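Enquirer: Starting from these lines, generate the structure:
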Amino acid sequence: MTDHSAELDAGLGTFERLLSLWVALAIAAGLTLGSLFPGLFGWLASLEVASVNLPVAVLIWAMVYPMMVGIDFGALSDVGRKPKGLVITVVVNWLIKPFTMAALGVLFFEGIFAPWIDPQTASEYLAGVILLGAAPCTAMVFVWSNLVRGDANYTLVQVSVNDVIMVFAFAPIVAFLLGVTDITVPWSTLLLSVLLYILLPLVAGVITRNRLMGQGGEIAVDAFRDKLRPTSVGGLLHTVVLLFGFQAQVILSQPLNILLIAIPLLIQTYGIFFIAYGAARLWKVPFEVAAPCALIGTSNFFELAVAVAISLFGLGSGAALATVVGVLVEVPVMLSLVAFANRTRGWFPTQS
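Expert: Predicted coordinates for the structure are as follows:
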C-alpha cells in the first residue's frame, strides 16, 4: 500500500514542509511591525478600492496564478459527469454553514459569554460572524486547493458556482438571519473581487498554459508551476504579515475580545470542514475533489463580509471587528486543515 502523505512530502521542499512554522513567524512579524510602524500599515490599509485592499489583492493574485496555469479548459466538460463534489459544496455552503454559524453565535455571544459582553456588543459580534458564515471564499480557496494538489478544473467550477449563488442568496440569507431587510450588497466589492481573484489570473493562466503547451506540453506546464511554487508560498506569508500588521493595534489592545470572537469561529471552521470532508468520504468522492470541496466551505470571502459589516454597522463596530477576526483566524486554521487533508489522502479513492 502506498504512503500518500510520504509521497506528497517527497514532492515538497524543506521550506514548504515547514510552512506552519513560517506562518507562525509571519504572524509574529506582522504583529511586531504593525505595532512599531502603525503609520506605514495604516497607509497600506488605505490603498483599497471598493473595500478590496490592493496590496493584499496583488499577493493573493500571485498565489492564485500558478494554479490557474494548471487549468485545462478541455477537461471542464468532464466536471458535469462527476457532480458529487458540487452537490456537497452547494449544500454545505448554503443550507448548513450560515445557519450553524448563526446558532453558534447565539450560543456563545448571547449565552456562554454574556457575563463578559454587553448586549449591544454581543449583537454586533453575532452580526459579524453571520456575515462571514454567509460568504463562501472566492480567492484563497485556490491556494488551499493547490496545497492539497486538488483538481484545478473542478475547483474553478466549484468556486464559480458558489459565486453565482452568492449573487442571489447572500443578501436574503443575511437579511433573514439578522432580521434586517434593508441590506445593501456592495456589488463593487463583489464584482471587483471576482475580477481580481478569478477572471484576471484565469486569463493570464490560460495564456501562459497555451504557450507552455506549445513549447513542451504538460511537462513544461508542470515544470513552470514547480518553479512558481516558492512565489506562491511567499505571497501567502507576505499576506499574513500584512493582515496581522493591519490589525496589530486591535489584537494587542483587545486580546480577550479577540479570543471570545475566535472561539465560535474556530468551532464553526473545523466543524464545517469535517461535515463536508466526512460526506465526501462516505460518498467515495476522489481526494482531488473532496479536499477542495471541504476547504471551500471552510474558508470565507472576508472582503465581502468586512465591507457589509462596515456599511451596516460602521468601521469601529463589533461586527466589523468580528469579520476581521475571521480573517486572522482563517490562515492558521486552514493550514492545519490542509495538513490534515494531506495526511488522510489515503482515506479516499484517487481520481481516474
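Enquirer: pLDDT weak spots in the stretch 201-350 of the chain?
Expert: Applying pLDDT under 70 to the stretch 201-350 of the chain flags the ranges 315-316.
Enquirer: And for the stretch 51-200 of the chain?
Expert: Along the stretch 51-200 of the chain, the parts satisfying pLDDT under 70 run over 74-80, 180-185, 190.
Enquirer: what residue lies at the spatial centre of the chain?
Expert: Ser299 (3.6 Å; C-alpha atoms, centre = their mean).
Enquirer: give me phi/psi at the spatially closest residue to that residue that is not a sequence neighbour?
Expert: Spatially, and ignoring its direct neighbours in sequence, Ser299 is nearest to Cys137 (3.5 Å; C-beta to C-beta, 6 or more residues apart in numbering). Where you see a C-beta, it was placed from the backbone N, CA and C, and this is true even at glycine. According to degrees, to the nearest 10, the main-chain angles of Cys137 amount to phi -70, psi 150.
Enquirer: so how far is Ile263 from Cys137?
Expert: For Cys137, the distance to Ile263 equals 21 Å [C-beta to C-beta, to the nearest Å].
Enquirer: which one of those two has more residues nearby?
Expert: Cys137 (25 against 14; other C-beta atoms under 10 Å).
Enquirer: wouldn't that one be in contact with Glu303 here?
Expert: No - the criterion here is C-beta atoms under 8 Å, and Cys137 misses it with Glu303 at 9.9 Å.
Enquirer: Let me know the next secondary structure element after the helix ranked longest in the chain.
Expert: Assignment by DSSP state H gives helix 200-246 as the longest helix of the chain. Going down the chain from helix 200-246, the next helix or strand is helix 248-253, by DSSP states H and E.
Enquirer: Only the buried residues of that next one, if you could.
Expert: Residues 248, 250-251 are the ones in helix 248-253 that count as buried (16 or more other C-beta atoms under 10 Å).
Enquirer: What is the one helix or strand Leu156 maps to packed up against?
Expert: Remark: Leu156 resides in helix 152-178, with elements defined by DSSP H and E. With contacts defined as 3 or more C-beta pairs under 8 Å, 6 or more residues apart in numbering; DSSP states H and E, helix 152-178 has these neighbours: helix 54-69, helix 84-91, helix 97-107, helix 119-133, helix 140-147, helix 187-194, helix 287-298, helix 302-313.
Enquirer: The first one: which residues count as buried?
Expert: By neighbour count, with 16+ other C-beta under 10 Å as the criterion, the buried positions of helix 54-69 are 56-57, 59-69.
Enquirer: could I get the residues you listed as CSV with distance to Met166?
Expert: Below are the buried residues of helix 54-69 laid out as CSV (distance: C-beta to C-beta, whole Å):
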residue, distance to Met166
Val56, 20
Ala57, 18
Leu59, 23
Ile60, 18
Trp61, 20
Ala62, 24
Met63, 21
Val64, 18
Tyr65, 23
Pro66, 25
Met67, 20
Met68, 20
Val69, 26
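Enquirer: Can you tell me which of those is nearest Ile310?
Expert: Closest approach between the buried residues of helix 54-69 and Ile310, by C-beta to C-beta: Val56, at 16.0 Å.
Enquirer: How many residues are close by Phe41?
Expert: 22.
Enquirer: roughly how far apart are it and Ser160?
Expert: On the measure of C-beta to C-beta, Phe41 and Ser160 end up 33 Å apart.
Enquirer: now Ala171
Expert: Remark: distance between Ala171 and Ser160 (C-beta to C-beta) = 19 Å.
Enquirer: Just give the number of residues close to the closest residue to Gln120 other than its chain neighbours.
Expert: Distance criterion C-beta to C-beta, 6+ apart; nearest residue to Gln120, sequence neighbours excluded, is Gly318 at 7.9 Å. Residues within reach of Gly318, counting by other C-beta under 10 Å, total 24.
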